[in-house]
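1. Below: sequence and its predicted model.
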Amino acid sequence: MSAPLYGLLAEFHAPQEIVKAAEGVHAAGYRKVDAYTPYPMEDVLDALHLHETHVPKLALTGGLLGLAGGWGLQYWTQVIDYPMNIGGRPFNSWPAFVIPTFETTILGAALATVVGMLLLNGFPQPYHPVFNVKSFATASRDRFFLCVEASDPRFELEKTRELLRKLGAYEVSEVAP
Amino acid sequence: MRTMASEERVVHPVIGPGHTFGSVTDKIASLVLTKKTPIGWFFGFGIAFSLLMMMLATVGYLLTTGIGIWGNNIPVGWGFDIINFVWWIGIGHAGTLISAILLLLKQQWRTSINRFAEAMTLFAVACAGMYPILHMGRSWIGFYWLMPYPNTMGLWPNFRSPLIWDVFAVSTYATVSALFWYVGLIPDLATLRDRAANRLVKIIYGFFAVGWRGSARHWANYEMAYLILAGLSTPLVLSVHTVVSFDFAAGIVPGWHATIFPPYFVAGAIYAGFAMVLTLAIPLRKAYGLEDFITMRHIENMAKVMLATSLIVAYGYLMEAFMGWYSGNTYERFMLWNRMTGPYAWSYWALIFCNVIAINTLWIKRLRTNTVYLFVISLVVGAGMWLERFVIIVTSLHRDFLPSSWGNYRGTPYDWSMFIGTIGLFLTLFFLFIRFLPTISIFEMRTLVPAATGEEKKP
């Protein structure tokens, strides 16, 4: 009881159950809540109001950097650093430069998307408290978990446990930090 | 006809009946986490690995001797190296098409075939990538005209050349395909981490799973990233074979200088790629008992895509012939006549047989749903697409503008050992993939289970 706690982890067996529980916890005013599901669930994101993501902005930034970098590379090498007359074409043969620029734009956007997604998620993250709960290993198989974190201002061990029970949790475990 | 109509109505599901989150997970993960490797795996891997060794021996000889061991000559300066490069790159296209374009089009049936199709893409691109590097002969000093890096000569690649566009297109394609594949793997690697009994295995999968735990916050970013990657890959995959076709179309050689090349190459790439997916999927589902996940729905849909793209390719052949005649250009007309009746006429007619005639038997539903027949057809299409590149490259080059510089071309034994060796490389990688990574996307399969789609609620 006196030991510090990361939060309470409630286990559910069916997708509808976790959606209902997530809605219930959110309605009760808890905000430091996370759901752990074996596949992406739109309904859970709706219930917890977690739709916001910064990935598209990063993708756009990466794409623009790729565009500027690709074009800049070609312009600088072909016009400024070592201009060479090839078949009488202008140094700035912009129609030809469009194709590599297109590719570097895609490359920049894709790299920013993936690296951005991983960093926004805080990866690589070798340790996380929820893994302390033994049954959590089934979160990547067929079980659904809802974790109310102790840092939530409304968190009160007994009251929160009672709420999760009432919302249909099969088991509520304390998560060591 | 009446029996046909009733047969027509049977719509195969995208997943066999009675599956749950647990059964899907266990089945796919067990293929990887089992201690018992099937005997057949060792047998197949042994053959593939021997072929890979043959390739490495050829490459060793090539690097110490030079590309004189190949059959390339003047006038046929481009031979097996570019034929095989284009062939392999084309095969890769189906993977991206399945994983990206079918995702955006919300085609559920892509789900169980996307993972290994993406793996196939990566391995095919690896095989393709060997050729541009090795055909330089002394690859370690020829790199400065492929990649823009500051070198002691102060030279830069010529960005006006389609060959450099190709380098950018293919290397971007390889990178983005690898990213897409890895991102798709992360949740499944976490599943393997959680299910592995052996501590070392757990650590290895855990390392690559980077701490994935299925958090809703993570899924929100993940789903968006996956969608953006699909959106980026779609124009990318169309651009890759378009740029490959520019290698030819931007030249003035008769038979190459045609505006139909980009769309016709892209269609041909998807055609060859789906043939390769079928070549791999049919034995795979049989050997590992995956008929519940790769159902007849998948097999038949892939056959239909193959049939549809074959018609585009056939239209390409027709237009090539028509434009050659209609142009009134002496060289174009001669090239076509020579292609159909000259010393390489056998390859042209074999190509027409493989890519236009044999494939059209798939209009018949009974043949389309016969996996053995379909497997044979997929090999025929693979051969046909190789012949297409052979025809385009060799028949256009071997009769130069001046009859005094006419010649002939044939692949030497080293050309063949290199080519067959790349098939060994491809299969070796594929065998390793099916042994160590989930062949089918587990987390996406979970979304198809009745409990997830809500179908079990319905009466």
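-> Here it is on my side, so go on.

2. Tell me which residues touch whichever residue of the stretch 351-459 of chain B sits closest to chain A, please.
-> Across the stretch 351-459 of chain B, the shortest distance to chain A (CB to the nearest CB) belongs to B:Arg446, at 4.2 Å. (Glycine included, C-beta is placed from N, CA and C.) B:Arg446 makes contact with A:38-39, A:142, B:21, B:24-25, B:452, according to CB atoms under 8 Å, 6 or more residues apart in numbering or on different chains.

3. Dump stretch B:282-300 to CSV, restricted to CA.
-> Output of stretch B:282-300 as CSV, limited to C-alpha atoms (Å, rounded to 0.1, in the frame of the first residue of the first chain):
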residue,chain,number,x,y,z
ILE,B,282,1.0,-21.4,-53.4
PRO,B,283,3.8,-23.6,-52.1
LEU,B,284,4.0,-21.6,-48.8
ARG,B,285,0.3,-22.0,-47.9
LYS,B,286,0.5,-25.7,-48.7
ALA,B,287,3.7,-26.4,-46.8
TYR,B,288,2.7,-24.5,-43.6
GLY,B,289,-1.0,-25.2,-43.7
LEU,B,290,-1.9,-21.6,-44.1
GLU,B,291,-5.0,-22.2,-46.2
ASP,B,292,-7.2,-20.5,-43.6
PHE,B,293,-5.2,-17.3,-44.0
ILE,B,294,-4.3,-17.3,-47.6
THR,B,295,-7.6,-18.4,-48.9
MET,B,296,-8.9,-19.1,-52.4
ARG,B,297,-10.1,-15.5,-52.3
HIS,B,298,-6.6,-14.3,-52.2
ILE,B,299,-5.3,-16.7,-54.8
GLU,B,300,-8.1,-15.9,-57.2
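
4. as a whole number, average confidence for that stretch?
-> In this model, stretch B:282-300 has a mean pLDDT of 92.

5. How is chain A divided into domains?
-> A:7-52+A:132-175, A:55-120 (automatic domain parsing).

6. Of these, which shows the lowest average pLDDT?
-> Of all the domains of chain A, mean pLDDT reaches its minimum on domain A:7-52+A:132-175 (a mean of 92).

7. Tell me if the strand or helix carrying B:Pro263 is near chain A.
-> Using DSSP states H and E, B:Pro263 sits within helix B:261-287. No: on the criterion CB under 8 Å from any CB of the partner chain, helix B:261-287 is out of touch with chain A, staying 11.6 Å away.

8. Can you list which of the contacts of B:Arg446 are found in helices?
-> The members of the contacts of B:Arg446 that map onto helices under DSSP state H are B:21, B:24-25, B:452.

9. so which of these are also by chain A?
-> Answer for the ones in helices among the contacts of B:Arg446 near chain A (CB under 8 Å from any CB): B:21, B:25, B:452.

10. Please give me every residue in contact with B:Phe426.
-> B:Phe426 makes contact with B:48, B:88, B:123-124, B:126-127, according to CB under 8 Å, 6+ apart.

11. Apply 10 Å and report the result again.
-> B:48, B:51-52, B:88, B:91, B:120, B:123-124, B:126-128, B:276, B:280 (CB atoms under 10 Å, 6 or more residues apart in numbering or on different chains).

12. Name the member of the residues you listed with the most neighbours.
-> Greatest neighbour count in these, by other CB atoms under 10 Å in any protein chain shown, goes to B:Ile91: 30 neighbours.

13. For the stretch 201-350 of chain B, list the residues in contact with chain A, please.
-> Within the stretch 201-350 of chain B, the residues that sit near chain A (CB under 10 Å from any CB of the partner chain) are B:203, B:206-229, B:231-233, B:235-236, B:239-240, B:242-243, B:246, B:250.

14. Quick check: phi and psi at the spatially most central residue of chain A.
-> Centroid check for chain A by CA atoms, centre = their mean gives A:Asn121 as the closest residue, at 4.4 Å. When read as degrees, to the nearest 10, the backbone of A:Asn121 gives phi -80, psi 0.

15. next one: A:Glu149
-> Here is the backbone geometry of A:Glu149 (degrees, to the nearest 10): phi -80, psi 150.

16. Show me what it bridges to in the sheet.
-> Beta-bridge partners for A:Glu149, by DSSP bridges, are A:Gly7.

17. what about the helices in the stretch 1-150 of chain B?
-> B:2-8, B:21-33, B:39-65, B:80-96, B:102-104, B:114-134, B:139-142 (DSSP state H, counting those that start in this stretch).

18. pLDDT on the first one, on average?
-> Taken as a whole, helix B:2-8 has an average pLDDT of 46.

19. Can you list the buried residues in the host helix or strand of B:Glu300?
-> Assigning secondary structure by DSSP H and E places B:Glu300 in helix B:296-326. Using 16 or more other CB atoms under 10 Å in any protein chain shown as the test for burial, helix B:296-326 gives B:296-303, B:305-307, B:309-310, B:313-314, B:316-317, B:320, B:324.

20. Could you measure from the residue located most distally from the centre of chain A over to chain B?
-> Checked against the mean C-alpha position of chain A, the extreme residue using CA atoms, centre = their mean is A:Gly88, at a distance of 51.0 Å. Computed with CB to the nearest CB, to the nearest Å, the distance linking A:Gly88 and chain B is 11 Å.

21. Next, that residue: secondary structure please.
-> coil (DSSP: H, G, I helix; E, B strand; the rest coil).

22. For the closest residue to B:Gly342 other than its chain neighbours, which residues are in contact?
-> Spatial nearest neighbour of B:Gly342, chain neighbours left out: B:Thr395 (6.9 Å); criterion: CB to CB, 6 or more residues apart in numbering or on different chains. For B:Thr395, the contact set (CB under 10 Å, 6+ apart) comprises B:76, B:254-255, B:335-336, B:338-340, B:342-345, B:347-348, B:409.

23. Filter the residues you listed down to just the buried residues.
-> Of the contacts of B:Thr395, these count as buried by 16+ other CB under 10 Å: B:76, B:254-255, B:335-336, B:338-339, B:342, B:344, B:347-348, B:409.

24. on that earlier part again, what's the separation between the nearest residue to the residue of the stretch 351-459 of chain B closest to chain A once chain neighbours are set aside and B:Leu200?
-> Leaving aside its sequence neighbours, B:Arg446 sits nearest to A:Tyr39 (CB to CB, 6+ apart; 4.2 Å). Between A:Tyr39 and B:Leu200 the computed distance is 28 Å (CB to CB, to the nearest Å).
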